[in-house]
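Q: Here is my input; please provide its structure:
(chains A and B)
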Number of protein chains: 2
Amino acid sequence: MIAPQVLINGEADTMLDARDRGLSYGDGVFRTLRCEQGRLPHWRRHFAKLQADCLALGIACPAEALWLSDIARLAPGNAVVKLLVTRGVSMRGYACEMAAPVTRLTLVSALPSYPNGLYRDGVVTRLCDWRLTIQPGLAGIKHLNRLDQVMARREWSDPAIFDGLMLNTRGELVEGVMSNLFLACGGELYTHPLDDCGVAGVTRGLVLEAAQVLGIAVHEVPLTLAHLAGADEVMLCNSLVGLLPVRQCLGAAPGFPASWHARCLYMSLQDALKPLQAE
Amino acid sequence: MIAPQVLINGEADTMLDARDRGLSYGDGVFRTLRCEQGRLPHWRRHFAKLQADCLALGIACPAEALWLSDIARLAPGNAVVKLLVTRGVSMRGYACEMAAPVTRLTLVSALPSYPNGLYRDGVVTRLCDWRLTIQPGLAGIKHLNRLDQVMARREWSDPAIFDGLMLNTRGELVEGVMSNLFLACGGELYTHPLDDCGVAGVTRGLVLEAAQVLGIAVHEVPLTLAHLAGADEVMLCNSLVGLLPVRQCLGAAPGFPASWHARCLYMSLQDALKPLQAE
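A: Below you'll find the model as predicted:
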């Protein structure tokens, strides 16, 4: 376990002002990305998403050069890089001080190792009891209000369970606690539109592009547990793990795929993602 | 503007570990209360609510003696006291380390002054565009996921507007950005049940008790803008300001009450609250 390294507003520091609005209200956004041998795959997309999320909350996104300088100083090699922006320090109360500078955090921590077997055999998931909040105003944004994920993640401690799948309060199947979700059925791809809940991850966007390259039809539609139970293949993705097949969802569905040589769409998408990974 | 004073885990410090889950995920709860000449009105209720909110999130609430010792050391006199608990510091990822100690913050800041005129003439409010999230799992809890309030509060900067009234995503009238809401109609009291959204404030509880003492019927039911427009009186409450009449809700309703000598329920409730305030 490597102790994370942290820069706060570009200074080597691990301590943050207790009056920061990130703490008081979760008033900020973040990104989690891989650093591979000093390279940042899909940096342009991650930074664009950080900017878009800041804009959605009315937070001034720190300039790209500042983030890149932070990351260079932390010299991460192979690591998880976390970027976090808050609306800064303010006096008590919800009202913002417009002139207050934002707080910029850059954190580096050890890259988890994902055994090859996960990509071949698939991961085990479970169905969470905790339901995702519906909030069109915050849908898609990777903000710091993450109690839904915290509460859902508290439902299991078995390390054999890779992630939990979550329904929203309307009962639609949306995503994993820490991943986006794709179902394959009849050679086509299905995923929740994330128009009123969920996080629109960068890797989700890459999978959608890979599907387009392959000419696979994608349906961004509300999903149900019936869709899950009837799926030929199920996949999770996020920026750390990439795209992973799901082989089981405890409490909701039998194994996927029906036969092990039938993981067609997953294999095709993984192939199509490779040139995108090189970006 | 008095600089707040802060204790972190009982130490005189203003800086918090940047890996605290309060910052990363809004994984914690808080209380805001008055200190009047060194006294803490309704302390038992505030501490009970802090305990209940911690319990709901599975966070170990620090012992009462620790909070009281913190507050005594900060010697606030007349002040706003804010108590904040987070699930503590953890490595990256939503999973909690069960043994991790919680983080306890005690902050003191200047007590705002509320002119007597507010209590006599009522305050001006506005109707917010931002809708409150529906989440039964978090309803009533004063947790650190407060982007709804931040985004709603960003809608106005006019200091003449005391608070914004909020509808939830289902269109029900729930509460103010920083207050709970009561409507009076036909001599009876109406307030949202807060069963799937909102914050169940301590002062709201006191108003409900005062109504009971007075024999005023209270209906905890979903409210609409039609209820607001048809109300005889409208009131806001929180632990800092107590109970306040509303004289206008910009964008939603004409003035309240219809005639200035008709603020009957408000006056009665204020009287009934006095002995409770002395608790």
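Q: rest of the way, CA atoms for contacts and neighbours
A: Fine.
Q: So which bits of chain A are right by chain B?
A: Neighbours of chain B within chain A, by C-alpha under 8 Å from any C-alpha of the partner chain: A:6, A:14-19, A:22-27, A:57, A:92, A:94-96, A:109, A:130-135, A:137, A:144-147, A:149-151, A:153-154, A:169, A:178.
Q: the helices in chain A, which residues?
A: A:21-25, A:43-57, A:64-74, A:116-121, A:147-153, A:202-214, A:225-230, A:264-277 (DSSP state H).
Q: do you know how far the residue of the stretch 1-150 of chain A found nearest chain B is from B:V177?
A: Distance from chain B to each residue of the stretch 1-150 of chain A (C-alpha to the nearest C-alpha) is smallest for A:L23, at 4.2 Å. Distance, A:L23 to B:V177, by C-alpha to C-alpha, to the nearest Å: 18 Å.
Q: Pick out whichever of the two has more residues nearby.
A: A:L23 (31 against 24; other C-alpha atoms under 10 Å in any protein chain shown).
Q: Strands of chain A, start to end?
A: A:5-8, A:11-12, A:15-17, A:28-35, A:79-86, A:103-109, A:123-127, A:161-167, A:173-176, A:180-185, A:188-191, A:218-220, A:233-238, A:242-250 (DSSP state E).
Q: Mean neighbour count for those - can I get that in JSON lines?
A: JSON lines is the format used below for those (neighbours: other C-alpha atoms under 10 Å in any protein chain shown):
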{"stretch": "strand A:5-8", "mean neighbour count": "20"}
{"stretch": "strand A:11-12", "mean neighbour count": "13"}
{"stretch": "strand A:15-17", "mean neighbour count": "18"}
{"stretch": "strand A:28-35", "mean neighbour count": "23"}
{"stretch": "strand A:79-86", "mean neighbour count": "24"}
{"stretch": "strand A:103-109", "mean neighbour count": "24"}
{"stretch": "strand A:123-127", "mean neighbour count": "21"}
{"stretch": "strand A:161-167", "mean neighbour count": "22"}
{"stretch": "strand A:173-176", "mean neighbour count": "26"}
{"stretch": "strand A:180-185", "mean neighbour count": "25"}
{"stretch": "strand A:188-191", "mean neighbour count": "20"}
{"stretch": "strand A:218-220", "mean neighbour count": "17"}
{"stretch": "strand A:233-238", "mean neighbour count": "24"}
{"stretch": "strand A:242-250", "mean neighbour count": "22"}
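Q: Now render those strands as CSV, adding mean pLDDT.
A: Output for these, formatted as CSV (pLDDT from 0 to 100):
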stretch, mean pLDDT
strand A:5-8, 93
strand A:11-12, 90
strand A:15-17, 93
strand A:28-35, 97
strand A:79-86, 97
strand A:103-109, 96
strand A:123-127, 96
strand A:161-167, 97
strand A:173-176, 98
strand A:180-185, 96
strand A:188-191, 96
strand A:218-220, 98
strand A:233-238, 96
strand A:242-250, 93
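Q: Quick check: which of the ones you listed is nearest to B:L236?
A: strand A:28-35 (28.5 Å; C-alpha to C-alpha).
Q: just to revisit the earlier point, skipping its backbone neighbours, what lies nearest the residue of the stretch 1-150 of chain A closest to chain B in space?
A: Nearest non-adjacent residue to A:L23, counting by C-alpha to C-alpha, 6 or more residues apart in numbering or on different chains: B:L23, 4.2 Å away.
Q: now A:V123
A: Per C-alpha to C-alpha, 6+ apart, closest to A:V123 is A:V246, 4.7 Å.
Q: Report the contact partners of the one you found.
A: Applying C-alpha atoms under 8 Å, 6 or more residues apart in numbering or on different chains, we find A:V246 in contact with A:122-125, A:233-236, A:256.
Q: again, only using 7 Å
A: For A:V246, the contact set (C-alpha atoms under 7 Å, 6 or more residues apart in numbering or on different chains) comprises A:122-124, A:234-236, A:256.
Q: Low-confidence ranges, chain A, go.
A: A:1-4, A:254, A:257-262, A:277-279 (pLDDT under 70).
Q: So it: which segments form each domain?
A: With domains defined by automatic domain parsing, chain A comprises A:5-109, A:116-277.
Q: With distance to B:K274 as added columns, please give those domains in a markdown table.
A: Converted to a markdown table, the domains of chain A look like this (distance: least, C-alpha to C-alpha, whole Å):
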| stretch | distance to B:K274 |
| --- | --- |
| domain A:5-109 | 26 |
| domain A:116-277 | 37 |
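Q: I'd like to know which of the ones you listed lies nearest to B:T86.
A: Of the domains of chain A, nearest to B:T86 by C-alpha to C-alpha is domain A:5-109, at 9.2 Å.
Q: I'd say A:E172 and A:L223 touch.
A: Yes - A:E172 is within contact range of A:L223, at 5.4 Å (criterion: C-alpha atoms under 7 Å).
Q: Between those two, which is the more surrounded one?
A: A:L223 (21 against 17).
Q: and the more buried one, what does it touch?
A: Contacts of A:L223 by C-alpha under 7 Å, 6+ apart are A:172-174, A:192.
Q: Which of those sits closest to chain B?
A: Distances from chain B to these, taken by C-alpha to the nearest C-alpha, are shortest for A:E172, at 14.4 Å.
Q: so how far is B:P115 from the closest one?
A: In terms of C-alpha to C-alpha, A:E172 sits 49 Å off from B:P115.
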